[in-house]
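Enquirer: The following comprises the amino acid sequence and a computationally predicted model.
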Amino acid sequence: MKTEFEPQKEKKEYPPLNQLTVITLWCGGCATRIAEITRDKIPKHLIQIANRAILEHSLDTFRDVNPDIILCTGFLGEQIKNYFGDGNKFGLNIKYSYQPKPRGIISAILQAIREYNI
């Protein structure tokens, strides 16, 4: 039963995406569910669809919103870094945060926040 004295939940206001300082994407994981495709040789984010890496399709979405991207990598992350480099040829400014042992998405993003002081 509601009473008039119950506190109202405040609706949080977030800045529009184009005002965010950086976009952080998690690119870790061992791709165990698609191991037949990756065979532990390529990260799932580099699987080719329409002659482009899956991650490249995702990054297209963010280019016009904010070109500053941090990719949080883990398993085979060096291949992702080799593919995208600094992001210049994709119209992006890409930085990397490498997590050698998987500790979850939140841990990876918090690590990136600490590394780049965002």
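Expert: On my side now, so go ahead. Numbers count the residues shown, from 1 in each chain.

Enquirer: quick one, longest helix in this protein?
Expert: Looking across the chain with DSSP state H, the single longest helix is helix 105-116.

Enquirer: Contacts for that helix, please.
Expert: 22, 24, 26, 28, 70, 72, 74, 95, 97, 99, 118 (CB atoms under 8 Å, 6 or more residues apart in numbering). Where C-beta positions appear, they are placed from N, C-alpha and C, glycine not excepted.

Enquirer: Just the buried residues of it, please?
Expert: With burial defined by 16 or more other CB atoms under 10 Å, the residues of helix 105-116 counted as buried are 108, 109, 111, 112.

Enquirer: Confidence-wise, which of those comes last?
Expert: When these are compared by pLDDT, residue 109 scores lowest at 85.

Enquirer: Relative to the whole chain's centre, how far out is the lowest-mean-pLDDT helix or strand in the chain?
Expert: In the chain, the helix or strand scored least confidently by mean pLDDT, DSSP states H and E is helix 35-38, which has a mean of 78. With CA atoms, centre = their mean, to the nearest Å as the basis, helix 35-38 stands 21 Å off its chain's centre.

Enquirer: residues making contact with that helix?
Expert: For helix 35-38, using CB under 8 Å, 6+ apart, the contacting residues are 31, 44, 47.

Enquirer: which among those end up buried?
Expert: If we count by 16+ other CB under 10 Å, those have these buried: 31, 44.

Enquirer: Residue 57: which of the contacts of helix 35-38 is nearest?
Expert: Closest approach to residue 57 among the contacts of helix 35-38 (CB to CB): residue 47, at 10.5 Å.

Enquirer: The closest residue in space to that closest one that isn't next to it in sequence: neighbouring residues, count only.
Expert: Leaving aside its sequence neighbours, residue 47 sits nearest to residue 54 (CB to CB, 6 or more residues apart in numbering; 5.3 Å). Residue 54 has 15 neighbouring residues, counting by other CB atoms under 10 Å.

Enquirer: so who does residue 54 touch?
Expert: Counted by CB under 8 Å, 6+ apart, residue 54 has contacts 44, 45, 46, 47, 48.
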